[in-house]
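Undergrad: Could you look at this predicted model? Sequence included:
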Amino acid sequence: MVQRNPKIKALRTHYLFPEINKKKQEFLRRSPDAQLISLGIGDTTYPLPKSIANQLSLYGAGMSTLEGYSGYGPEQGNAGLRHLIASRFYPGLAEANEIFVSDGTKCDIGRLQVLFGSSATIAVQDPTYPVYVDTAVALGQGEAQQEATGCYGNIVYMPCTSSNSFFPDLEALPRTDLIYFCSPNNPTGAVATHEQLARLIRFAKKNRSVVIFDAAYSAYIQDKTLPRSIYEIDGAREVAIELGSFSKMAGFTGLRLGWSVFPKELRFEGGESISTDWNRIHTTFFNGASNIVQAAGAAVLEEEGWMAIKKMVEYYQENALLLTHLCQENEWQFYGGVHAPYLWVEFPGRDSWEVFDELLEQAHLVTTPGSGFGPSGNGFIRLSAFGLRETVETAVQRGKKDSSRTSLRW
Ligand code: PLP
């Protein structure tokens, strides 16, 4: 028989969310009548606006006609959608032909690992969205796994804690080829300022590193003076790739649509174009996003759709505000929740899974343990604002009702 791929063996045995689900199922087997409230997984719940759903139906119905049928499209994405993305998100900052439409940011992250290869060194924020690390390990990095910390040997973790305002101490870091940076951040909810991102770009330039800027939550930035794209920073086009997603901005988690931006100025050490190689990888590993979904994506970026998805984002922002009340009610120290759909709640000296278990057992509340996002996440849990309003309101109500419970005051 074939040998198991050792790189897969090196992956952490349980991806965070399946582990949470397992605990949830075990709890429900013991307490079948419990009414669990999920503030855990970051999946969206708000229905699609009509103008966008109509576009899905229209395109789908057209597929049964000679005129409306379409097969393979350009792997880089339909020209109209690329133009719309460029004009909505990057006016004066990036061109349509620098945008590669995809089936979502997670998929792009995996393909990026193929682009740079298993010998590229990487740095990630700690805590971090787990996919940067897991895709790197699956392709051969960080084999020396340290189970106890969840840390991988040759992947540099950049601690982002309340003591450094969730922005890494760059001067203390070794050089890496790639630096993953997510703002607004999952899980901490922190958003980097102009000045911080300018420091990051200077650091990348000095080290001849490439920044992979994950802007999946940029729609949640409420303060117009905060940067939504890395290309708002001078010099970023020479050292940064940006990833964008329709998932959390427009409720496309199930439809699947995203994009990557590769500016022409981006070069490998030998002077070759990174964008040219990305085109090769993108077109080899991917055959283009669904035509139907791209049509709906275009409807998101047209005026009517754009207004409608603003309401969707506001709905989740209001949920986040309610969750801040829940934290205040319980005197929990929290971060985020303003420019991001996540609250990062601190339980000093506690183990994240222990807090997770306690909230599950005592309050029937499903959260996400911070340690699942990296060693610096221990002692935290993440609350997600992506639930339905009534779910969030019930959680807040439960927080109010019962102050007699144990250490968490539930
Ligand atoms: N990037 C970050 C930081 C995320 O939190 C997520 C999803 O939770 C993704 C990317 C995945 O986005 P997509 O649905 O476009 O694959």
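TA: Sure thing, it's come through. Numbers count the residues shown, from 1 in each chain.

Undergrad: and the gap between residue 28 and residue 22?
TA: Between residue 28 and residue 22 the distance, using Cβ to Cβ, to the nearest Å, works out to 11 Å. No exception for glycine: its C-beta is placed from N, CA and C like everyone else's.

Undergrad: what touches both of the two?
TA: By Cβ atoms under 8 Å, 6 or more residues apart in numbering, residue 28 and residue 22 have no common neighbours.

Undergrad: and the longest helix seen in the chain, how far out from the chain's middle?
TA: Here the longest helix in the chain is taken by residue count, with DSSP state H as the criterion, and it is helix 303-329. Between the mean C-alpha point of helix 303-329 and the mean C-alpha point of its chain there is a distance of 17 Å (Cα atoms, centre = their mean, to the nearest Å).

Undergrad: anything in it near the ligand?
TA: No: using Cβ under 6 Å from any ligand atom, we find that helix 303-329 stays clear of the ligand, coming within 13.1 Å at best.

Undergrad: State the mean pLDDT of that helix.
TA: Helix 303-329 carries an average pLDDT of 96.

Undergrad: Buried residues of it, list them for me.
TA: By neighbour count, with 16 or more other Cβ atoms under 10 Å as the criterion, the buried positions of helix 303-329 are 305-306, 308-309, 312-313, 315-317, 319-320, 322-324, 326-327, 329.

Undergrad: likewise stretch 56-63?
TA: For stretch 56-63, burial by neighbour count (16+ other Cβ under 10 Å) applies to 56, 59, 62.

Undergrad: okay, now residue 44: neighbour count?
TA: 20 (other Cβ atoms under 10 Å).

Undergrad: repeat for residue 48
TA: Counted with other Cβ under 10 Å, the burial measure for residue 48 works out to 23 neighbours.

Undergrad: so which helix or strand takes in it?
TA: Using DSSP states H and E, residue 48 sits within no helix or strand.

Undergrad: How far does stretch 247-259 stretch from one end to the other?
TA: 11 Å (Cα to Cα, to the nearest Å).

Undergrad: buried sites along that stretch?
TA: Residues 247-253, 255-259 are the ones in stretch 247-259 that count as buried (16+ other Cβ under 10 Å).

Undergrad: tell me the mean pLDDT over stretch 11-21?
TA: Per-residue confidence for stretch 11-21 averages out to 77 on the pLDDT scale.

Undergrad: Over to that stretch now: how far is its first residue from its last?
TA: Taking Cα to Cα as the criterion, the two ends of stretch 11-21 lie 19 Å apart.

Undergrad: What of stretch 258-266?
TA: Looking at stretch 258-266, the gap from its leading to its trailing residue is 20 Å under the measure Cα to Cα.

Undergrad: Ok, stretch 61-80 next?
TA: With Cα to Cα as the measure, the first residue of stretch 61-80 is 20 Å from its last.

Undergrad: now stretch 260-278
TA: The straight-line separation of the ends of stretch 260-278 (Cα to Cα) is 10 Å.

Undergrad: Let me see the residues that make contact with that stretch.
TA: For stretch 260-278, the surrounding residues in contact (Cβ under 8 Å, 6+ apart) are 90, 94, 98-100, 102, 108, 112, 115, 208, 210, 231, 237-244, 282.
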